[in-house]
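[1] model this:
(5 chains)
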Amino acid sequence: MDIATIIGLFLAAGLVGWAIVSGAGDGAGAFVNLPSAAMVFGGAIGAAFIGFPLKNLTGLAGVLKNAFFSKPKDPTKLISDLVRFAEIARRDGILALESMTNEVEDPFIISGIQMAVDGTDPELIEQILTDELQAVADRHSLGKALFDSIAKFAPAFGMIGTLIGLVIMLQNMDDPSRIGPGMAVALLTTLYGSMLANIFAIPIADKLGLRSEEEIFLKTIVVKGVMSIQSGDNPRTVEQKLKTFLKPSLRSKAEEQPQ
Amino acid sequence: MDIATIIGLFLAAGLVGWAIVSGAGDGAGAFVNLPSAAMVFGGAIGAAFIGFPLKNLTGLAGVLKNAFFSKPKDPTKLISDLVRFAEIARRDGILALESMTNEVEDPFIISGIQMAVDGTDPELIEQILTDELQAVADRHSLGKALFDSIAKFAPAFGMIGTLIGLVIMLQNMDDPSRIGPGMAVALLTTLYGSMLANIFAIPIADKLGLRSEEEIFLKTIVVKGVMSIQSGDNPRTVEQKLKTFLKPSLRSKAEEQPQ
Amino acid sequence: MDIATIIGLFLAAGLVGWAIVSGAGDGAGAFVNLPSAAMVFGGAIGAAFIGFPLKNLTGLAGVLKNAFFSKPKDPTKLISDLVRFAEIARRDGILALESMTNEVEDPFIISGIQMAVDGTDPELIEQILTDELQAVADRHSLGKALFDSIAKFAPAFGMIGTLIGLVIMLQNMDDPSRIGPGMAVALLTTLYGSMLANIFAIPIADKLGLRSEEEIFLKTIVVKGVMSIQSGDNPRTVEQKLKTFLKPSLRSKAEEQPQ
Amino acid sequence: MDIATIIGLFLAAGLVGWAIVSGAGDGAGAFVNLPSAAMVFGGAIGAAFIGFPLKNLTGLAGVLKNAFFSKPKDPTKLISDLVRFAEIARRDGILALESMTNEVEDPFIISGIQMAVDGTDPELIEQILTDELQAVADRHSLGKALFDSIAKFAPAFGMIGTLIGLVIMLQNMDDPSRIGPGMAVALLTTLYGSMLANIFAIPIADKLGLRSEEEIFLKTIVVKGVMSIQSGDNPRTVEQKLKTFLKPSLRSKAEEQPQ
Amino acid sequence: MDIATIIGLFLAAGLVGWAIVSGAGDGAGAFVNLPSAAMVFGGAIGAAFIGFPLKNLTGLAGVLKNAFFSKPKDPTKLISDLVRFAEIARRDGILALESMTNEVEDPFIISGIQMAVDGTDPELIEQILTDELQAVADRHSLGKALFDSIAKFAPAFGMIGTLIGLVIMLQNMDDPSRIGPGMAVALLTTLYGSMLANIFAIPIADKLGLRSEEEIFLKTIVVKGVMSIQSGDNPRTVEQKLKTFLKPSLRSKAEEQPQ
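    Numbers count the residues shown, from 1 in each chain, chains lettered A, B, ... in the order given. Below is the predicted model:
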């Protein structure tokens, strides 16, 4: 999990939890109401699911795990790897790259290099890699759309729960001492809905959008690099082509890397 | 009804119903108020209808039934069907396909194959199939627009009902014991409006949008396939052309299918 | 007035009225407050007028009357009319159409036919008809914008009125028995604003948008038809050209019409 | 000030004022609270100013004065003026136009005619006039953006003020008789914010948008007219070129004008 | 800090502070509640951070400092500087510009001039300067997006805090004298959230957007100027090319400047 997520979650979820515990003291248990939580969480997720292709969501757990726990690769490292492959291909022939595929972990690079080694038609390589890149973008955007949808429904189901609680409370106003606690319980669903949206669904949707951009950016570099290696480009040309993807401040950093 | 809809409806509608019954106990009947429901549901649907071409909505029931109860076809199955037709046309001549039209259920495929068998001009076939595809898209987008409109009006009519109820209650505050139940009834319309929008109208609109994309995707494959068969393409070429519509992960699956 | 508008208005306005009468009984008169109504309706319409070119709104009454009371023409009827004109022009020469202009009511068709009869340059005919079509679209979109603007201001002026009522009530809390009715009156403006927006302004704006699309669709058919007749096209060609505007389901219907 | 603005302001501001005076009677003074007004008006305008280039707003007073008090020119009058200039240029040579510049007030026309008389290069004339037109559009859109920004901040600062007032009131609930007036004062800022947005900022922003379109429309006619006169076009050609800017209904009106 | 920011902050933040102090008197301390402030500020910033690439935000402090404390350069001054460089290059050869780079502070101009002096390929100069310009735009838009995100989360966490406070208060209604202060504390988080969004986050986001446009505008002039000097343009041509970037009202001002 990267540092921004840890800091962000600690600040957002931690401080809300701390506000409840420090404010309510012994009464903090009153903030836990399982039926209310079930209705808001289940309702919002359920409403979001109706309009989603469940079969396409099977990869969702992987997308989420990847978004939160895998460290994004360094583009300068990726470029120096690709330049090294170009040097080997130039020196020992493209077939020498076959043994290199053991060194890299990313299956996307391996499949690209493998196709180049196999002498696959360049246009077909580009087509296949671009399709794969598009499929990654689609999985991410589908995941983002699901969390956007949950963020939209969560406050609504929170309000539905509060309205139900208020109607129940207002029907039974005989015992004034129960009005306060009744209203407190009613407000819990609005609180849950707001927390589900703002601490969970919206930040995750933002994160998935960010991660998706990063992954597409990295995969685009790989596609360009594999195509350049395949066409037998000079390693310096490969490097120059790939560095146009980097921001100026990262370019000199890339140059300092041992190649 | 597909699994996502069942899970979603169970979670969304079921949990709200359960929250009412478990929370209100014997008083759950207080949540049923026919005049309030009539005003919110009738008002929202009525306001949505004013701005819609009623004559175009006659097919709406079919669209809804289709969206919720028909199982979307498997694109890999569809492609292998079309490839099989291409093989028959190649082996036995295109007229041999006439007997095959009994095997398929989809009238869209039948009409395409029939036109190819009849020797209709290829451009005319493509024009007619594309027009039909566009008509499907229009019916779906019109249905989606209606539910989007209901989703927009439902909370508004809920609030109108609550304001009416509050005014009535505030005019009659002589009997304090009736203030609570009066306000409870007033809040019911807001609850109905919120439920109509979030459990019914928005999820259905999302679902129609999703189903529309799926149907257009499938029909586009059929159009390409029929055109390819009609032009006497080699079955392998037909297969290759149609597989470009599939995500990479589905392509190998399609290859495993018996053809 | 078309059936959708009648059903919609009956549901939306009728049910709200019924809710008030059935709920308030003898006290229904409390829902009528002329100063409140004047402030909300006058305020919202006034704020909308500030940003509108009044001189362009002189045709607004006609636009509204047309949108609600005139029946939209049937495109298949329109096409068969134009095909009939093409047959006459083919058989008796284009001058024979002059006498036909008495039979049609739509001044748009008459002016198009008249220009064709007068031997006006085809490009000029197309230019003039297209300009007129654009002017119709502009009038409609201006009308729609006005109602969108009223829909935006109505809830705001409703809230302004409620705030004024609440301040007045809160300043005079000496007599507890007047708190309820005071708040009831204060809420009336929010109710009026919400009704003005959701029963009146938004549905009318939606309707004008719909009607505008229909009129432009019909006028586009006329432009194509007149241009085709003017260029001496075969009546069958005229028919074929115009039918591409119809949805497939309407095409066969058009074919069944006597021509 | 044009008639729409007068009617609009009378309806919007007048009716709100009348509602306050007629509703509150002697207590209408309670609606005037200078500190509250200072906070809402100053806060909203201040927050809007932070994000604006103050140096570019020096012309704002002129833009506002122009938008509200200057009468928009009649395009048919403008066209007949330009046609008259074309006739003089045709008859007496383009230098004869120099004396005509005393007759027109609009500095935009004068500068265009003057450049034509001076024999400035046509492309440079068009460039300079188009730049000036763009500068007018920019000034208007900057003014519109400022009022849009005020409209965005006004309700927010109204709510901030109400929250401050409520916190103060809730801290001092010892004297029940002061609760009502305290809450009344607290609500005043929300009322001010809503009035600032809906009676002032949004309608002015709408008006500036409308005026900007009108001015750009008129200036575009002038640019075309000056270019046509400069190139020595026949006055009838000038007229025909400029009339394509008019709606059909205005064209015949333009023809009736004495030229 | 420019004058608009000082005036804006004084009006927005100053008046809110003054409203609190003048309204609450001795009780103004009740508006300071550190746990509430920690939850709202920490929560909103934390939620915004989850979806942001922290590593890219390291330059954020510089962006903010620049946006608020550096005075934007005068474009007419910038143009006369570039024209002067063009004159020197024309008179003494482009190498004479090397000594001039000590006179200017802006590293962007220095690096452009230096590359021209070094005889770098013109296309490469343009590429490098444009990349740098794009990087500035990206840094600004990332900063703007962060503050937009904080503005979105601040009111949400304010409401979460208020709901927590209300639930705590409603659970403990035994002592009526504590209801008021309890609700006052609960409302503080909504107040903080609204202030964070409207006095801080939204105006800063607007300001960053404005500053970004100004910087890109200035840097675009530099790019054009350096390219024009490098190609050996006549100083008058350089001036003419660059002045097309100025509004007409600034052009004559630029002409009056000593060059």
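[2] what about the residue of the stretch 151-259 of chain A found nearest chain C, which helix or strand?
    Residue of the stretch 151-259 of chain A nearest chain C, by C-beta to the nearest C-beta: residue A:170 (16.0 Å). To be clear about C-beta, it is placed using only N, CA and C from the backbone, and glycine gets the same treatment. Assigned by DSSP states H and E, residue A:170 belongs to helix A:122-171.
[3] does chain E sit close to that helix?
    No - shown here: helix A:122-171 not in contact with chain E (C-beta under 8 Å from any C-beta of the partner chain), separated by at least 8.9 Å.
[4] quick check: what element follows that helix along the chain?
    Remark: after helix A:122-171, the chain's next helix or strand is helix A:179-195, criterion DSSP H and E.
[5] which helices and strands sit right next to that following helix?
    On a contact count with 3 or more C-beta pairs under 8 Å, 6 or more residues apart in numbering or on different chains; DSSP states H and E, helix A:179-195 meets helix A:34-50, helix A:122-171, helix E:122-171.
[6] go ahead and measure how far that helix is from the middle of the chain.
    Computed by C-alpha atoms, centre = their mean, to the nearest Å, the chain-centroid distance of helix A:179-195 equals 31 Å.
[7] before we move on, the earlier item: can you say which of the helices and strands packed on helix A:179-195 is packed in most?
    Of all the helices and strands packed on helix A:179-195, helix A:34-50 carries the top mean neighbour count, a mean of 24, counting by mean count of other C-beta atoms under 10 Å in any protein chain shown.
[8] coming back round to it: just the angle for the helix holding residue A:170 relative to helix B:179-195, thanks.
    Computed by axes from the mean of the first three to the mean of the last three C-alpha atoms, to 10 degrees, the angle separating helix A:122-171 from helix B:179-195 equals 170 degrees.
[9] now do the buried residues in the helix or strand where residue A:114 lies.
    Residue A:114 belongs to helix A:107-117 when assigned by DSSP H and E. Judged by neighbour count (16 or more other C-beta atoms under 10 Å in any protein chain shown), helix A:107-117 contains these buried residues: A:108, A:109, A:111, A:112, A:113, A:114, A:115, A:116, A:117.
[10] for stretch A:13-28, give the mean pLDDT please.
    Taken as a whole, stretch A:13-28 has a mean pLDDT of 86.
[11] name the residues of it that come out as buried.
    A:13, A:14, A:15, A:16, A:19, A:20, A:23, A:24.
[12] rebuild the residues you listed as CSV, extending it with distance to chain B and secondary structure.
    Supplementary listing: the buried residues of stretch A:13-28 in CSV, determined by distance: C-beta to the nearest C-beta, whole Å; DSSP: H, G, I helix; E, B strand; the rest coil:
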residue, distance to chain B, secondary structure
A:13, 23, helix
A:14, 28, helix
A:15, 29, helix
A:16, 23, helix
A:19, 26, helix
A:20, 22, helix
A:23, 25, helix
A:24, 22, helix
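[13] just the residues you listed that are near chain C?
    Among those, none lies close to chain C by the criterion of C-beta under 8 Å from any C-beta.
[14] number of residues surrounding the closest residue to chain E within the stretch 151-259 of chain A?
    Nearest to chain E in the stretch 151-259 of chain A, going by C-beta to the nearest C-beta, is residue A:206, at a distance of 2.5 Å. Applying other C-beta atoms under 10 Å in any protein chain shown, we find 24 residues neighbouring residue A:206.
[15] again with the one 10 residues further on
    Around residue A:216 sit 15 other residues, with neighbours defined as other C-beta under 10 Å.
[16] with the one 3 residues further on instead?
    Neighbours of residue A:219 under the rule other C-beta under 10 Å: 22.
[17] do residue A:96 as well
    Neighbours of residue A:96 (other C-beta under 10 Å): 14.
[18] I'd like to know how far the closest residue in space to it that isn't next to it in sequence sits from residue A:240.
    Once flanking residues are discounted, residue A:96 sits nearest to residue A:88: 5.3 Å by C-beta to C-beta, 6 or more residues apart in numbering or on different chains. Distance, residue A:88 to residue A:240, using C-beta to C-beta, to the nearest Å: 18 Å.
[19] so which of the two has more stuff around it?
    Neighbours per residue (other C-beta under 10 Å) separate residue A:88 from residue A:240, with residue A:88 holding more: 16 against 13.
[20] and the more buried one, what does it touch?
    Residue A:88 is in contact with A:96, A:97, A:100, counting by C-beta atoms under 8 Å, 6 or more residues apart in numbering or on different chains.
[21] out of the residues you listed, list just those in helices.
    Using DSSP state H, no member of the contacts of residue A:88 falls within helices.
[22] please narrow those to those residing in strands.
    Among these, the subset assigned to strands under DSSP state E is empty.
[23] turn those residues into a markdown table, including pLDDT.
    Putting the contacts of residue A:88 into a markdown table (pLDDT from 0 to 100) gives the following:
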| residue | pLDDT |
| --- | --- |
| A:96 | 86 |
| A:97 | 86 |
| A:100 | 77 |
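[24] if we can go back for a sec, pretty sure the residue of the stretch 151-259 of chain A closest to chain C sits against residue B:188.
    No - look at residue A:170 against residue B:188 with C-beta atoms under 8 Å: they stay out of range, at 10.3 Å.
[25] got the angle for the helix holding residue A:170 vs helix A:34-50?
    140 degrees.
[26] help me see whether helix A:122-171 makes contact with chain B, please.
    Yes - using C-beta under 8 Å from any C-beta, helix A:122-171 comes into contact with chain B via A:128, A:131-132, A:135, A:138, A:149, A:152-153, A:156-157, A:159-161, A:163-171.
[27] of the helices and strands packed on helix A:179-195, which is nearest residue E:182?
    helix E:122-171 (3.5 Å; C-beta to C-beta).
[28] before we move on, back to that, and the nearest residue to the residue of the stretch 151-259 of chain A closest to chain C once chain neighbours are set aside, how far from residue C:162?
    If the residues on either side of it in the chain are set aside, residue A:170 comes closest to residue B:184, at 3.8 Å by C-beta to C-beta, 6+ apart. Distance of residue B:184 to residue C:162, given as C-beta to C-beta: 22 Å.
[29] any idea which element residue A:240 lies in?
    In this assignment (DSSP H and E), residue A:240 forms part of helix A:235-243.
[30] what sits against residue A:157?
    Neighbour list for residue A:157: A:39, A:40, A:43, A:44, A:47, A:189, A:193, B:12, B:16, B:198 [criterion: C-beta under 8 Å, 6+ apart].
[31] which among those gets closest to chain D?
    Chain D lies nearest to residue A:193 out of those, by C-beta to the nearest C-beta, at 21.0 Å.
[32] how confident is the prediction for the closest residue to that closest one other than its chain neighbours, by pLDDT?
    In space, and not counting its chain neighbours, residue A:193 is closest to residue A:158: 2.1 Å by C-beta to C-beta, 6+ apart. Listed pLDDT for residue A:158 reads 96.
[33] quick check: residue A:158 touching residue A:37?
    No - Residue A:158 is not in contact with residue A:37 according to C-beta under 8 Å; the separation is 10.6 Å.
[34] and for the two, which residues touch both?
    Common neighbours of residue A:158 and residue A:37 (C-beta under 8 Å, 6+ apart) are residue A:192.
[35] can you list the weak-confidence ranges in the stretch 1-150 of chain A?
    Applying pLDDT under 70 to the stretch 1-150 of chain A flags residues A:1, A:54-59, A:70.
[36] mind listing what whichever residue of it sits closest to chain D touches?
    Residue of the stretch 1-150 of chain A nearest chain D, by C-beta to the nearest C-beta: residue A:23 (16.7 Å). Going by C-beta under 8 Å, 6+ apart, residue A:23 touches E:35, E:164, E:165, E:168.
[37] which residue packs closest to the third one, ignoring adjacent ones?
    So that's residue E:165. Here the residue nearest residue E:165, using C-beta to C-beta, 6+ apart, is residue E:186, at 2.7 Å.
[38] could you check how far that neighbour is from chain B?
    Distance, residue E:186 to chain B, by C-beta to the nearest C-beta, to the nearest Å: 22 Å.
[39] so which residues on chain A come close to chain B?
    Residues of chain A lying near chain B (C-beta under 8 Å from any C-beta): A:35-36, A:38-39, A:42-43, A:45-54, A:128, A:131-132, A:135, A:138, A:149, A:152-153, A:156-157, A:159-161, A:163-173.
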